[in-house]
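Q: below: sequence and its predicted model.
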Amino acid sequence: MFIKPQDSFLMVIDPQERLLNAIYQPERVVKNIILLIKASQEFGVPVVPTTQYRKGLGDYLPEIKDALGEIEPLDKIEFSAFKNQVIAEEVQRLSRQTVILCGVETHICVYQTALSALEKGFRVVVVGDATSSRSPENISYGLSRMRELGVAVVSTEMLIYEWLEKAGTPAFKALLPYFKNKN
């Protein structure tokens with residue numbers, strides 16, 4: 001079953017400076033989160049960004065904040081974003097059934113948010129190369145466990161090309177430079 005942009009929203013989980021300083025391959029994660037935000041903007045997919053205890057862990061990296069524009073991250077102390085009332089209300093207001101998750105850490109906040117989303121009946125997609133943890137082992141454990149539970153795990157390019165469906169469109173032309181610069 002195809003992932004349709006009109007039924008999706010992107011949840012960007014906690015790519016904060018202090019967290020990213022400790023995770024495995026932060027450059028990959030930041031680049032792919034920004035690409036997902038740009039693609040979401042191109043397709044009219046709502047973006048719901050979150051922070052984990054902003055007071056203690058700081059704000060988003062400036063380049064991610066720039067990509068978000070006017071969208072302000074919603075702060076939480078819960079590991080699952082869906083267990084935060086403000087975030088849960090924002091998601092409910094969107095009336096979309098597919099949640100696309102990216103961010104950190106794969107085995108904690110991304111994982112617990114995916115579990116809560118499944119419990120609430122959402123179709124859950126995790127963008128594996130746009131998530132990370134402090135160790136590669138915890139990335140692997142988190143992604144494996146989510147797959148066991150029925151979460152679709154895709155790459156950034158898989159998702160965006162699925163949204164695109166074909167070459168030559170205005171969206172394809174707008175996003176192509178990001179793919180050309182992708183290592």
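A: Perfect, I can see it now. Numbers count the residues shown, from 1 in each chain.
Q: hmm, residue 133 is touching residue 107, no?
A: Yes. Using C-beta atoms under 8 Å, residue 133 is in contact with residue 107, at 5.2 Å. (Glycine included, C-beta is placed from N, CA and C.)
Q: what residues do those two have in common as contacts?
A: 139, 142 (C-beta atoms under 8 Å, 6 or more residues apart in numbering).
Q: who are the packing partners of the longest helix seen in the chain?
A: Secondary structure of the chain read by DSSP state H shows that its longest helix is helix 26-43. Helix 26-43 is packed against strand 8-13, helix 17-20, strand 47-52, helix 62-68, strand 98-104, strand 123-132, helix 156-164, helix 170-180, with contacts defined by 3 or more C-beta pairs under 8 Å, 6 or more residues apart in numbering; DSSP states H and E.
Q: who does the helix or strand of the chain with the lowest mean pLDDT touch, helix- and strand-wise?
A: The weakest-scoring helix or strand in the chain, judged by mean pLDDT, DSSP states H and E, is helix 170-180 (a mean of 86). Judged by 3+ C-beta pairs under 8 Å, 6+ apart, helix 170-180 is in contact with helix 26-43, helix 156-164.
Q: let's have those in CSV, adding mean pLDDT, mean neighbour count and distance to residue 148.
A: Below are the helices and strands packed on helix 170-180 laid out as CSV (pLDDT from 0 to 100; neighbours: other C-beta atoms under 10 Å; distance: least, C-beta to C-beta, whole Å):
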stretch, mean pLDDT, mean neighbour count, distance to residue 148
helix 26-43, 97, 20, 23
helix 156-164, 96, 19, 20
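Q: any chance of a markdown table for the ones you listed, columns distance to residue 103?
A: Converted to a markdown table, the helices and strands packed on helix 170-180 look like this (distance: least, C-beta to C-beta, whole Å):
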| stretch | distance to residue 103 |
| --- | --- |
| helix 26-43 | 7 |
| helix 156-164 | 13 |
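Q: could you give me the buried positions within the least confident helix or strand of the chain?
A: 171-172, 175, 178 (16 or more other C-beta atoms under 10 Å).
Q: so the residue most central in space within the chain bridges to which residues?
A: Nearest to the geometric centre of the chain sits residue 102, at 2.4 Å (C-alpha atoms, centre = their mean). Beta-bridge pairing for residue 102 (DSSP bridges): residue 12.
Q: ok, now how distant is it from residue 50?
A: Per C-beta to C-beta, to the nearest Å, residue 102 is found 11 Å from residue 50.
Q: with residue 106 instead?
A: 15 Å.
Q: so between the two, which is more surrounded?
A: residue 106 (32 against 24; other C-beta atoms under 10 Å).
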